[in-house]
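In: predicted model, plus sequence, below.
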Amino acid sequence: MKLYDKEKTKASILWRKVFLTTFLAVILTALFSCARNTEPISRTDFYFDTVIQITLYDTEDEAVLDGCFALAEKYENLFSATKEGSDVWNINHADGETVTVSEETVKLLIWAADYANTTEGRIDPTIRPVSELWDFGSEGNAHVPEDTDIREALSHVSYDNIRFGTAPSDETGESVYRTVTLTDKKAAVDLGFIAKGYIADKMKEYLLSQGVNSACLSLGGNVLAIGEKPDGSPFRIGIQEPFAETGKTIDTVEIRDTSVVTSGIYERCFYEDGVLYHHVLDTATGYPVDNELAGVTIICESSAKADALSTSCLCLGLEKGRKFLDAQGDVAYLLVTRDGAQYASENFP
């Protein structure tokens, strides 16, 4: 795997945790129209192992922000693979038994399995046994696992191990998909490649229902704009340059009422014996994917789709990834290679 300047990469990792949040706060506040009668309200918190910032521009109702973060807590209690008692945690600890879960959990798992099928397994929601070995989410405990352990964990990775079943809906009583069974007792699921995008989309639905038509949501590398700024100008989103000095952007895009999601191999990673290991894992080898790509930025209306596509592309590599994204038809993208080359779709702003 290609080596990079270690100190620059460490700085990029630290910046990645706060860059989009800070960048948005500075840019959007500085460009905010002075003609308005209200000031934007904003709140920051920590969910899904990432910083979340929500800024609302056409309301001063703090209760609306309360509702957003109530949703964040709700979905963490459904989708987190590490929070004991969540739907995903219960599925992974059921020892192969059938588990009844939220309709939304089943819905998201079905979407995740569909992306696994579309990419021929290059992205797979059952990667959890392997990712647990790497422990990228810990502070200072991530390490290269034993090869024998990786091969054993890989034997339990297959989205074909997921079975869905029906049960009465809590809301309507009608029979809907409500149960999940892992046919391999050692299999486990992880929705990390799509969950934050889904949550951003659900927050957007909630905000629109509350009459909010101008807002910006940042969930780590997932940014979702609702409408435009009150003065009619677009939101400006900075895209971090992979492995660059702290805060250096490779591009800035202007968006209205859409999502921008960036995934990269410079995010959650660590060094061991001078080699960089990142969190995007190859389902064929159990090791980090090793191709030309360093970062993928997707722009499309659905944040969940952008989330899944960005990781899928990283796993597929440059040529297959471009073909995969071009076939989508309703997305714009910017791909950045490890050597700094950029490949943008014709509709990239």
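Out: Yes, it's here. Residues are numbered from 1 along each chain as shown.

In: every contact and neighbour count from this point should use C-alpha atoms.
Out: Fine.

In: quick one: contacts for the residue lying closest to Q53 once chain neighbours are set aside?
Out: Nearest non-adjacent residue to Q53, counting by Cα to Cα, 6 or more residues apart in numbering: T44, 4.3 Å away. The contact partners of T44, taken as Cα atoms under 8 Å, 6 or more residues apart in numbering, are V51, I52, Q53, I54.

In: with these in mind, which one is nearest to E146?
Out: Nearest to E146 among the contacts of T44, counting by Cα to Cα, is V51 at 31.8 Å.

In: for the closest one, identify the helix or strand it belongs to.
Out: strand 50-56 (DSSP states H and E).

In: quick one: distance of that strand to the chain centre.
Out: Relative to its chain's centre, strand 50-56 lies at 14 Å (Cα atoms, centre = their mean, to the nearest Å).

In: any idea of the mean pLDDT for the helix or strand following that strand?
Out: Remark: after strand 50-56, the chain's next helix or strand is helix 62-79, criterion DSSP H and E. Taken as a whole, helix 62-79 carries a mean pLDDT of 97.

In: same question for stretch 159-166.
Out: Rounded mean pLDDT across stretch 159-166 is 96.

In: CA atoms only: put that stretch into CSV for me.
Out: Coordinates of each C-alpha in stretch 159-166 appear next as CSV, following Å, rounded to 0.1, in the frame of the first residue of the first chain:
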residue,chain,number,x,y,z
TYR,A,159,-25.1,-10.3,2.7
ASP,A,160,-26.8,-13.6,1.6
ASN,A,161,-26.7,-14.4,5.4
ILE,A,162,-29.4,-11.8,6.0
ARG,A,163,-33.1,-13.0,6.0
PHE,A,164,-36.1,-10.7,6.4
GLY,A,165,-39.5,-11.7,7.7
THR,A,166,-42.9,-10.1,8.4
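
In: ok, back up a step: read off the pLDDT value for the residue nearest to Q53.
Out: In this model, T44 is scored at 96, pLDDT.

In: how close does it sit to A142?
Out: Applying Cα to Cα, to the nearest Å, the value for T44 to A142 is 27 Å.

In: the inter-axis angle of whichever strand or helix holds the residue nearest to Q53 versus strand 50-56?
Out: According to DSSP H and E, T44 maps onto strand 41-47. Angle, strand 41-47 to strand 50-56, by axes from the mean of the first three to the mean of the last three Cα atoms, to 10 degrees: 160 degrees.

In: strand partners of strand 41-47, parallel vs antiparallel please.
Out: Sheet pairing of strand 41-47 (DSSP bridges) gives strand 50-56 (antiparallel).

In: so where is the stretch 151-300 of the chain shaky, pLDDT-wise?
Out: Along the stretch 151-300 of the chain, the parts satisfying pLDDT under 70 run over 246-247.

In: would you map the strands across it?
Out: In the stretch 151-300 of the chain, the strands defined using DSSP state E, counting those that start in this stretch lie at 162-168, 175-182, 214-219, 222-227, 235-240, 249-255, 259-264, 269-272, 275-278, 293-300.

In: mean neighbour count added to those strands, as JSON lines?
Out: Below are the strands of the stretch 151-300 of the chain laid out as JSON lines (neighbours: other Cα atoms under 10 Å):
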{"stretch": "strand 162-168", "mean neighbour count": "15"}
{"stretch": "strand 175-182", "mean neighbour count": "20"}
{"stretch": "strand 214-219", "mean neighbour count": "25"}
{"stretch": "strand 222-227", "mean neighbour count": "25"}
{"stretch": "strand 235-240", "mean neighbour count": "22"}
{"stretch": "strand 249-255", "mean neighbour count": "14"}
{"stretch": "strand 259-264", "mean neighbour count": "26"}
{"stretch": "strand 269-272", "mean neighbour count": "17"}
{"stretch": "strand 275-278", "mean neighbour count": "20"}
{"stretch": "strand 293-300", "mean neighbour count": "26"}
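
In: compare the ones you listed and give me the one nearest A113.
Out: strand 162-168 (8.3 Å).
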